[in-house]
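**Q** Test case, fold it:
(chains A and B)
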Amino acid sequence: MHVKTRANKAVAQAAFGALALNAAFPALAFASEEESGGLSAILPDMAEFIPMLIAFIILWIILAKFGWPMFAGMLEKRENTIREALKKSEEAQIESERVLAEYQQQLADAKTQSAQIIADARAVGEAVKADITAQAQTEAADMIAKAKAAIEAEKKAAVAELQSSIADTSVDVAARLIGEDLTEGEHRAIIERYVKEAGSFNGN
Amino acid sequence: MATNRLVVKEEVAVFASVLFDSANGAGGQEAVLQVREQMAEVIRLMRSDLDLTMALSNPDFTPEARRALVENVFAECHLAFREVLAVMAERGQADLLPRVNDEFRALLGERLGICVVDVTTAVPLDDGLRQLITEKAEADLGKKAVLRERIDRSILGGIIMDVDGNYIDASMISQLNRARNVLKDTTDGGEC
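**A** This next block holds a predicted model:
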């Protein structure tokens, strides 16, 4: 678009040059108008054509000498500018894609980490739950065992006490019967039997 | 220390020998046996009464006070025994009485050739039982046996024979106590 504008400006400058030549040679223009008619009407008037040709050639030389390099330089500069801009935009696009990929990677990592954290937390929670459950079960088992042991001990103590009481009563009854019912003769008979059955004083 | 032990041993032997000779000279075998019984009784009393034991050897008391204590407490004992015990108390050696007793009992066998059998029964012995026990003791020990009888209704029945600490306990109370312990120690009574 910019190049087109520049070209239009160059054509306008050439037309301006031609108008300037016409202004410089006004007599040639009036002469041609007076001799017109027939075929000559469509043929250029040499007197008019040659100066215009010369002016055109001069203009072309001037333009070729000074205008065209300037125009080419402007085009080249513009081309370079556009190339640089394109290059920068490509680089920016590459950079943006890289950053985007990096962000996406970071996002994926973050998602992975968050998932891992959630999984770890869940695992820890499960472990804690299992520990608490196991501990509660152990404590309950201990309490039950202690209660059973206490009950068993109480039972044994009661049985032992009852047994002891029965033994004491039985022995006391036997002692009373022996003390009251045996005559001296029976006592002596028992003593005689015991002495005969007793072991030796030497322990043999 | 070895010297001290030997000295004490010698002193114990002297006390026992003097006591034996005094009792034997005063009343013969019967007096010796009487002293033997009284000495055993005093030893039991001293073991059960710690205050008496400590007082007889207490250095805070004068020797005369310790002698007076012996003469008052054991006034009914045989004179020979009381005098020897008083001398021991004066010297602060009343705690040696158990060793003197052992030595004294040894002298019975050595000098009189007898062994004393302490017999405890719930009823008095008759001559047949005395002869039976004497013959058994003489057969077992190879010495002339002398019975010292004691009646104790608490043994319920049977007999306890003791020769210088060698017991044959055939009393009813011991058998009943053994039966009582067996009944109490049986643990399968409650495992129905």
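**Q** What residues does chain A have near chain B?
**A** A:155-156, A:158-160, A:163-164, A:166-168, A:170-171, A:174-175, A:178-179, A:182, A:184, A:187-188, A:190-192, A:194-203 (C-beta under 8 Å from any C-beta of the partner chain). Placement of C-beta: from N, CA and C, glycine included.
**Q** tell me the domain ranges of chain B?
**A** Domains of chain B are assigned by automatic domain parsing as B:2-107, B:114-185.
**Q** among those, which is nearest A:A119?
**A** domain B:114-185 (64.0 Å; C-beta to C-beta).
**Q** now the end-to-end length of that closest one.
**A** In domain B:114-185, first residue to last residue: 42 Å (C-alpha to C-alpha, to the nearest Å).
**Q** helices or strands up against the strand or helix carrying B:L97?
**A** In this assignment (DSSP states H and E), B:L97 forms part of helix B:97-107. Secondary-structure packing of helix B:97-107 (3 or more C-beta pairs under 8 Å, 6 or more residues apart in numbering or on different chains; DSSP states H and E): helix B:2-48, helix B:79-90.
**Q** switch the cut-off to 7 Å
**A** helix B:2-48 (3 or more C-beta pairs under 7 Å, 6 or more residues apart in numbering or on different chains; DSSP states H and E).
**Q** from the chain's centre, how far out does the helix it packs on sit?
**A** Helix B:2-48 has its C-alpha centroid displaced from the chain centroid by 10 Å (C-alpha atoms, centre = their mean, to the nearest Å).
**Q** mind listing what the nearest residue in space to B:A26 that is not next to it in sequence touches?
**A** Nearest residue to B:A26, sequence neighbours excluded (C-beta to C-beta, 6 or more residues apart in numbering or on different chains): B:A80, at 5.8 Å. Counting by C-beta atoms under 7 Å, 6 or more residues apart in numbering or on different chains, B:A80 makes contact with B:L19, B:S22, B:A23, B:A26, B:V35.
**Q** Can you classify the residue minimising distance to the centre of chain A as helix, strand or coil?
**A** Nearest residue to the geometric centre of chain A (C-alpha atoms, centre = their mean): A:A110, 1.8 Å. Assigned state for A:A110: helix (three-state reduction, DSSP: H, G, I helix; E, B strand; the rest coil).
**Q** Type out the PyMOL command that picks the buried ones from the residues of chain A next to chain B.
**A** Selection of buried members from these for PyMOL, criterion 16 or more other C-beta atoms under 10 Å in any protein chain shown:
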select buried, chain A and resi 159+160+163+167+171+174+175+178+179+182+187+188+190+191+192+194+195+198+201
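**Q** Confirm that B:I159 sits in a strand.
**A** Yes: membership of B:I159 in a strand is supported by three-state DSSP.
**Q** for the nearest residue to it once chain neighbours are set aside, what are its contacts?
**A** Nearest non-adjacent residue to B:I159, counting by C-beta to C-beta, 6+ apart: A:I191, 4.8 Å away. Contacts for A:I191 (C-beta under 7 Å, 6+ apart) come out as B:T121, B:L129, B:G158, B:I159.
**Q** The first one: neighbour count?
**A** For B:T121, the tally of surrounding residues (other C-beta atoms under 10 Å in any protein chain shown) stands at 25.
**Q** From A:K77, how far out is it?
**A** Here the criterion is C-beta to C-beta, to the nearest Å. By it, B:T121 lies 150 Å from A:K77.
**Q** Mind pulling the model confidence for the residue most central in space within chain B?
**A** In chain B, the centroid-proximal residue (C-alpha atoms, centre = their mean) is B:A40; its distance is 2.9 Å. Looking at B:A40, its pLDDT is 89.
**Q** Kindly provide the distance from it to chain A.
**A** Distance of B:A40 to chain A, given as C-beta to the nearest C-beta, to the nearest Å: 18 Å.
**Q** so who does that residue touch?
**A** For B:A40, the contact set (C-beta under 7 Å, 6+ apart) comprises B:N101.
**Q** same thing with A:A153?
**A** So A:A153 contacts nothing (C-beta under 7 Å, 6+ apart).
**Q** which secondary structure element contains it?
**A** In this assignment (DSSP H and E), A:A153 forms part of helix A:68-181.
**Q** of all the domains of chain B, which lies closest to A:L53?
**A** Distance to A:L53, taken as C-beta to C-beta, is lowest for domain B:114-185 among these, at 154.8 Å.
**Q** so how far is that closest one off the chain centroid?
**A** Relative to its chain's centre, domain B:114-185 lies at 15 Å (C-alpha atoms, centre = their mean).
**Q** And A:A121, what's its pLDDT?
**A** So, for A:A121, pLDDT stands at 94.
**Q** Also B:R178?
**A** 86.
**Q** So it versus A:E161, what's the distance?
**A** Distance from B:R178 to A:E161, counting by C-beta to C-beta: 20 Å.
**Q** Repeat that for A:L107.
**A** Per C-beta to C-beta, A:L107 is found 79 Å from A:E161.
**Q** Mind pulling up the pLDDT for B:N181?
**A** pLDDT for B:N181: 85.
**Q** What is the helix or strand containing it packed up against?
**A** Assigned by DSSP H and E, B:N181 falls within helix B:172-185. Applying 3+ C-beta pairs under 7 Å, 6+ apart, we find helix B:172-185 packed against helix A:68-181.
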